[in-house]
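Peer 1: pasting the sequence and the predicted coordinates here, then a few questions.
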There are 2 protein chains.
Amino acid sequence: MVTELDISLVAQRSGLPASTLRYYEEKGLIAAIGRRGLRRQYDAAVLERLALIALGRAAGFTLDEIAQMFAPDGRPHIDRQLLSTKASELERTIRQLSAMRDGLLHAAKCTAPSHMECPSFRRILRAAGAGAFESRAPRAAVLRRRAS
Amino acid sequence: MVTELDISLVAQRSGLPASTLRYYEEKGLIAAIGRRGLRRQYDAAVLERLALIALGRAAGFTLDEIAQMFAPDGRPHIDRQLLSTKASELERTIRQLSAMRDGLLHAAKCTAPSHMECPSFRRILRAAGAGAFESRAPRAAVLRRRAS
DNA sequence: GTCCTACTTAAAGTCAGCTTGAGGTCAAGT
DNA sequence: ACTTGACCTCAAGCTGACTTTAAGTAGGAC
């Protein structure tokens, strides 16, 4: 038995709208195993695949990058080097965001009459202005559920 | 003396292309103090303002949100509550990214023949699939220098 | 046999934050 | 006076990841 799942079921179980599933198919990220009438039917394995895609997205990969990971055979072929690289990028982003968070927290508590007079605020200001955050970093965790 | 800076100078000192400065003006984020011919002239204070904008962007605020912070008087009017809230959001994002980074690092080192057979990989996969990363989070640190 | 409904398609729209292009202007240098 | 070149404006285009819309279709209930 091949456990065919209707697109609506996959949508429900994955939390992704059907339009997104069709979009992913168009992009070559997933594939239906058949149709019932016009309706796409998926193998249950697609759910694991979608999880993998969500994972990649959360890690900051683009859909195109993710598509290349499931290279032509269909089975995930994930380059360990690539993972390390991405992990380092995440590390950098995390440090920047941590600095940012500390700065914001300080600014929030700071009793200087105006933020511009707070030395700490001016310090992170200089850091931001000096280009401490220039580099392109992965957009973090941007998955959204359908807007009801 | 009012230290008028030509737009090209502001571009140079801030690292932002002139087109971005015009765009920011259109959005109401900055203002020129005059023109020399057609050319915008800025007060030196604009550099501090741009740093503040960069800071806000790095912290995940949208340009519109930032614009509201310099409310009508022109001087920054930053809500401490808002800063705290944003700091918490950053905190959440940081935790997610840290988990992500750990997962990637593990997957990179993992000796299981395929990632799908690695328990740790499957664990973060489940986490991602389960919607651990659903929420909208600030895009981290996306400032870019002009592409040469 | 007819209808309902959830699916289908292709194309266009959305959002943020800019960038690019075409055609125009003007201060300064020769 | 004339040229140069960097600026100007306005409109359109771009990227990424989708969503929305309009018009069509077919499986299953009645």
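Peer 2: Received it, and whenever you're ready, just let me know what you need. This one's a predicted model, so the numbers in the text were calculated from it and none came from an experiment. Residues are numbered from 1 along each chain as shown, chains lettered A, B, ... in the order given.
Peer 1: what's around A:C110, how many residues?
Peer 2: A:C110 sits with 17 neighbouring residues when counted by other C-beta atoms under 10 Å in any protein chain shown. Heads up, the C-betas are built off the backbone N, CA and C, glycines and all.
Peer 1: that one touches A:C118, doesn't it?
Peer 2: Yes: applying C-beta atoms under 8 Å as the test, A:C110 and A:C118 come out as touching, 4.5 Å apart.
Peer 1: quick one: contacts for A:A59?
Peer 2: A:A59 makes contacts with A:K86, A:L90, A:P138, B:M100, B:G103, B:L104, as judged by C-beta atoms under 8 Å, 6 or more residues apart in numbering or on different chains.
Peer 1: checking the fifth one next. Helix, strand or coil?
Peer 2: Okay, so that is B:G103. Secondary structure, DSSP: H, G, I helix; E, B strand; the rest coil: B:G103 is helix.
Peer 1: quick one, what contacts it?
Peer 2: Contact analysis of B:G103 by C-beta under 8 Å, 6+ apart lists A:L55, A:A59, B:S120, B:F121, B:R123, B:I124, B:A127.
Peer 1: could those go into TSV alongside secondary structure, distance to DNA strand C and pLDDT?
Peer 2: Shown next, in TSV, are the contacts of B:G103 (DSSP: H, G, I helix; E, B strand; the rest coil; distance: C-beta to the nearest atom of the strand, whole Å; pLDDT from 0 to 100):
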residue	secondary structure	distance to DNA strand C	pLDDT
A:L55	helix	23	85
A:A59	coil	21	81
B:S120	helix	34	78
B:F121	helix	30	78
B:R123	helix	31	78
B:I124	helix	28	76
B:A127	helix	27	67
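Peer 1: who wins for most neighbours among these?
Peer 2: That'd be A:A59 among the contacts of B:G103, by other C-beta under 10 Å, with 27 neighbours.
Peer 1: for it, which non-adjacent residue is spatially closest?
Peer 2: Leaving aside its sequence neighbours, A:A59 sits nearest to B:M100 (C-beta to C-beta, 6 or more residues apart in numbering or on different chains; 5.0 Å).
Peer 1: quick check: longest strand of chain A.
Peer 2: strand A:39-43 (DSSP state E).
Peer 1: for the record, mean pLDDT for it?
Peer 2: Averaging the model's pLDDT scores along strand A:39-43 yields 97.
Peer 1: how about stretch A:100-115?
Peer 2: The pLDDT scores in stretch A:100-115 average 80.
Peer 1: kindly report the same for stretch A:22-32.
Peer 2: When pLDDT is averaged along stretch A:22-32, the result is 96.
Peer 1: packing partners for the longest strand of chain A?
Peer 2: Packing partners of strand A:39-43 (3 or more C-beta pairs under 8 Å, 6 or more residues apart in numbering or on different chains; DSSP states H and E): strand A:4-6, helix A:7-14, helix A:18-26, strand A:34-36.
Peer 1: quick one: is that strand near DNA strand C?
Peer 2: Yes: with C-beta under 7 Å from any atom of the strand as the criterion, DNA strand C is reached by strand A:39-43 at A:R39, A:R40.
Peer 1: and that strand, which strands flank it?
Peer 2: Note on strand A:39-43: by DSSP bridges, its sheet partners are strand A:4-6 (antiparallel), strand A:34-36 (antiparallel).
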